[in-house]
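# All I have is the shape, not the residue letters:
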């Protein structure tokens with residue numbers, strides 16, 4: 001190993017100015033044994049760098065090469081694996097963990113010991129040694145450490161003896177001194193022995209001089225010792241004086257301690273007094289209610305504005321005193337408990353007085369308004385007895401009483417109601433119930449009277465009103481729902497009356513009602529809705545402000561009462577003092593409105609039933625008006641009472657509208673025609689035109705246009721089906737005439753009204769009208785020239801069988817003689833006579849109201865001329881050169897048709 005070490009020093013490290021201190025032969029753990037050497041080296045130049053170098057022997061020769069080098073400062077951990085047993089394995093934690101196996105345990109221990117010494121010297125113990133025997137980790141000798149200056153390049157003290165024996169490096173100062181001595185002696189290099197002897201003599205001279213100097217200074221040393229003894233005596237005297245001073249200061253210290261303790265107690269007492277004063281001031285400032293406030297709560301005038309303001313301020317001050325956030329321990333004070341009890345009693349007394357006063361206000365307002373209602377009802381009753389006095393009945397205005405003064409007076413108490421809600425919820429809830437009870441009765445009377453006036457205005461005089469089930473002096477609507485179906489109204493003599501009227505709802509024709517009557521109903525119904533809407537909105541706004549329910553927050557408080565509200569769903573159930581929480585204050589507003597206005601929806605339904613009883617077409621007006629008001633209400637608040645109520649009524653109106661359409665379709669299906677008279681325009685076709693015209697005027701720019709379009713589709717399909725049904729059943733009037741006239745009317749109606757959803761039906765009606773007009777014309781024209789038609793049909797049949805046209809004249813039944821014989825039977829006079837008879841027959845078939853006679857006659861003229869030209873063409877092709885022609889010309893036909901039309 002020594003030879004390898006010298007070889008490595010010579011070949012690898014000396015050229016790099018490095019000195020090899022330790023070496024170990026290793027191989028990697030767990031792999032094939034490819035030996036290499038780990039070397040610990042230091043540089044010869046300052047600053048000294050310590051490295052761990054991996055050296056590998058070349059495979060092609062005996063020389064070595066440097067493979068990897070790591071700085072010793074990068075080494076973090078040295079793991080010897082086992083500190084007790086001998087184990088050649090060890091790990092070095094550099095940039096990663098390197099696992100090595102040494103050739104012997106002794107080499108491993110020597111190498112680790114060298115690394116430890118280098119770490120102690122140059123790295124100030126930065127490397128961790130794990131599982132290393134304590135014997136290897138020996139401290140460097142202190143003498144060596146002290147004798148070697150810091151930062152100088154030197155050998156590792158106590159290190160490798162072999163390295164120390166081989167070489168001992170001089171420091172810079174030693175080198176400088178040696179150089180100076182050698183420069184002073186010429187033969188220092190040439191004669192080393194003489195130089196050494198000279199140095200020995202000089203050393204002896206210096207030693208003698210040192211001894212003489214020491215002996216000469218003995219007298220001075222004795223003088224110094226005497227001075228030191230005197231100084232010690234002075235020190236003893238000073239210590240005695242300091243002891244006496246210390247005893248004196250000790251008594252002063254005890255007095256100062258007593259004064260300090262006394263001052264601490266005084267300061268502590270002052271601090272406690274300040275804190276106590278602060279607590280007392282806090283309680284006095286926050287829990288002391290002014291005498292003026294107490295007097296206002298006991299005796300304040302709740303009827304005047306000034307008294308209400310004083311009571312409001314006092315109630316707010318009381319609430320602040322009661323809700324003050326007490327500091328820890330305050331609630332244990334007797335005075336605080338007493339003051340809180342006083343506040344509670346004051347709160348209960350004022351809450352009781354406030355609730356009693358507001359109940360009295362409710363009663364007074366209710367009594368005054370009810371008296372006005374009785375006076376109004378008496379006037380209505382007196383007017384109703386005079387059945388002939390229409391003016392007296394219509395002089396009553398269709399308006400609802402204004403509650404704004406009532407609301408204005410009560411809103412002065414809004415802040416007090418808020419205080420009552422937060423302090424005495426039971427009394428607040430009781431006031432809410434009383435208000436709803438009074439107002440529900442008041443509004444019920446007002447709304448019923450309002451609707452009675454509306455019914456009277458709709459039905460006209462009281463005498464006419466009896467036809468619709470209105471009885472009594474004030475015109476109340478009585479009777480069951482079934483009475484609506486038994487209604488019968490007589491039409492005036494000058495109006496059209498038909499037995500199978502399509503729109504006859506309750507045996508009353510729609511045409512029996514003037515447009516003015518429908519307009520009057522529309523205005524009355526609109527006024528009813530216009531009066532109800534602001535009434536409900538004003539009451540809802542008042543409830544929100546007066547009862548402080550506008551915050552839309554969930555609430556629930558403890559109370560000992562339970563209420564059930566008839567007509568609504570507002571209820572409070574109690575279980576162990578905890579009420580069932582209402583989902584939100586917004587729901588509470590809606591439930592209060594349902595309780596107060598519980599009569600609106602039934603009254604509206606009764607009014608709708610009456611309007612539908614008067615005229616089924618009123619459902620169109622009501623559907624449009626109600627839809628508009630529902631749409632407006634939902635834009636404001638979709639979940640409000642007004643929106644919900646009008647939405648429910650709208651469902652009823654929509655059902656009546658659907659029922660009207662269904663009844664029309666049913667009556668179409670049940671229509672019967674006379675067997676002895678011509679059919680003409682069917683009643684349901686004419687009345688569909690009337691319905692469509694009215695509906696278009698009502699639903700112009702309406703929100704519910706889609707409902708009307710669906711009704712149109714149902715009605716028009718039923719009209720189409722039933723027109724064909726009646727045409728098939730007609731005995732007096734030809735089927736084509738019935739189809740032609742009615743589909744012409746349908747087409748004209750749809751073209752005039754321009755209903756976009758019925759464009760396809762309009763085209764279908766036109767097609768049916770055209771087809772049946774053509775069919776009727778062809779069928780009718782076959783009779784005036786019957787024999788001629790039969791002759792030429794036979795000619796066409798022969799041609800169709802394959803006989804050439806010019807050879808048809810050789811057929812016995814179709815020769816020229818037979819042709820001349822047939823033509824002679826139809827001279828111009830006979831043709832004119834036949835056309836005249838045809839005109840009379842067509843005139844008998846067609847109805848006057850549709851005015852299609854000239855249209856049909858013109859079509860027949862064109863068809864007759866077409867047939868004439870067809871006959872002339874067959875004669876020219878099948879009988880060429882025969883000179884056979886018809887005995888009348890096209891001009892004769894035109895003259896005949898014109899003279900016949902003019903004569904009739």
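Yep, it's here. What you see is a predicted model, and the numbers here were worked out from it, not measured in a lab.
# Next one: the residue nearest to the spatial centre of the chain from residue 881, what distance?
For the chain, residue 638 is the residue whose C-alpha lies nearest the centre (CA atoms, centre = their mean; 15.9 Å). Counting by CB to CB, to the nearest Å, the gap from residue 638 to residue 881 is 91 Å. C-beta: built from backbone N, CA, C; applies to glycine.
# Report the separation between the residue nearest to the centre of the chain and residue 416.
Counting by CB to CB - residue 638 and residue 416 are separated by 33 Å.
# which helices and strands sit right next to the top helix by length along the chain?
Scanning the chain for the longest helix, with DSSP state H as the assignment, gives helix 218-286. Packing partners of helix 218-286 (3 or more CB pairs under 8 Å, 6 or more residues apart in numbering; DSSP states H and E): none among the helices and strands.
# I'd like the next helix or strand past it.
The first helix or strand that comes after helix 218-286 along the chain, using DSSP states H and E, is helix 291-299.
# Other residues contacting that following helix?
307, 310-311, 313-315, 317-318, 346, 349-350 (CB atoms under 8 Å, 6 or more residues apart in numbering).
# quick revisit: would you mind measuring from the residue nearest to the centre of the chain to residue 644?
For residue 638, the distance to residue 644 - CB to CB - is 9 Å.
# now swap in residue 368 and tell me
31 Å.
# Could you report the distance from the nearest residue to residue 549 once chain neighbours are set aside to residue 711?
In this structure, residue 549 finds its nearest non-sequential neighbour in residue 585, 4.2 Å apart by CB to CB, 6 or more residues apart in numbering. With distances taken as CB to CB, residue 585 is found 42 Å from residue 711.
# Looking only at neighbour counts, state which of the two leads.
Neighbours were counted for residue 585 and for residue 711 using other CB atoms under 10 Å; residue 711 has more, 22 against 18.
# before we move on, which element is that one in?
In the assignment (DSSP H and E), residue 711 maps to helix 705-729.
# One more: residue 23?
Element membership for residue 23, per DSSP H and E: strand 18-28.
# May I see the buried residues of that strand?
The neighbour-count check on strand 18-28 (16 or more other CB atoms under 10 Å) flags 18-27 as buried.
# Take these and lay them out in TSV including pLDDT and distance to residue 400.
Below are those laid out as TSV (pLDDT from 0 to 100; distance: CB to CB, whole Å):
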residue	pLDDT	distance to residue 400
18	89	115
19	90	118
20	90	118
21	89	116
22	91	115
23	92	117
24	91	114
25	89	117
26	89	111
27	88	112
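# Now flag whichever of those residues is closest to residue 43.
Comparing the buried residues of strand 18-28 against residue 43 with CB to CB picks out residue 18 as the nearest, at 5.5 Å.
# The nearest residue to the closest one once chain neighbours are set aside: neighbour count?
Setting aside the residues directly before and after it, residue 18 is nearest to residue 41 in space (CB to CB, 6+ apart), at 4.5 Å. Using other CB under 10 Å, residue 41 has 24 neighbouring residues.
# got the phi/psi numbers for residue 41?
Main-chain dihedrals, residue 41, degrees, to the nearest 10: phi -130, psi 160.
# wait, doesn't it sit right on residue 50?
Yes. Using CB atoms under 8 Å, residue 41 is in contact with residue 50, at 7.3 Å.
# Point out the other helices and strands that the helix or strand hosting residue 634 packs with.
Residue 634 is part of helix 618-636, with elements assigned from DSSP H and E. On a contact count with 3+ CB pairs under 8 Å, 6+ apart, helix 618-636 meets helix 515-546, helix 600-614, helix 641-670, helix 683-698.
# The second one: which residues count as buried?
So that's helix 600-614. 600-601, 603-604, 607-614.
# Equivalent analysis for stretch 256-266, please.
Buried-residue list, stretch 256-266, by 16+ other CB under 10 Å: empty.
# Quick one: distance of it to the chain centre.
For stretch 256-266, the separation from the chain centroid amounts to 72 Å (computed by CA atoms, centre = their mean, to the nearest Å).
# Tell me which stretches of the protein form strands.
18-28, 36-43, 50-57, 64-71, 77-79, 89-93, 97-102, 128-130, 470-471, 476-477, 574-575, 578-579 (DSSP state E).
# Now that we have the ones you listed, can you turn them into CSV and tack on distance to residue 720?
What follows is those, written out as CSV (distance: least, CB to CB, whole Å):
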stretch, distance to residue 720
strand 18-28, 103
strand 36-43, 109
strand 50-57, 107
strand 64-71, 104
strand 77-79, 102
strand 89-93, 100
strand 97-102, 98
strand 128-130, 105
strand 470-471, 41
strand 476-477, 40
strand 574-575, 66
strand 578-579, 64
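# re earlier: for the helix holding residue 711, which positions count as buried?
707-708, 711-712, 715-716, 718-720, 722-724, 726-727.
# can you name the two of those that are farthest apart?
The widest separation within the buried residues of helix 705-729 (CB to CB) is 30.7 Å, between 707 and 727.
# Break the chain down into its domains, please.
1-136, 204-287, 293-377, 399-460+514-550+583-659, 671-782, 784-903 (the TED database).
# Poorly predicted segments of the stretch 501-650 of the chain, please.
For the stretch 501-650 of the chain, applying pLDDT under 70 flags the ranges 501-515, 550-583.
# please redo it, this time with the cut-off set to 80
Where the stretch 501-650 of the chain drops to pLDDT under 80, the residues are 501-518, 549-586, 636-639.
# What about residue 634, how many residues nearby?
Residue 634: 16 neighbours (other CB under 10 Å).
# Tell me who's in contact with it.
643, 647.
# Thanks a lot, catch you later.
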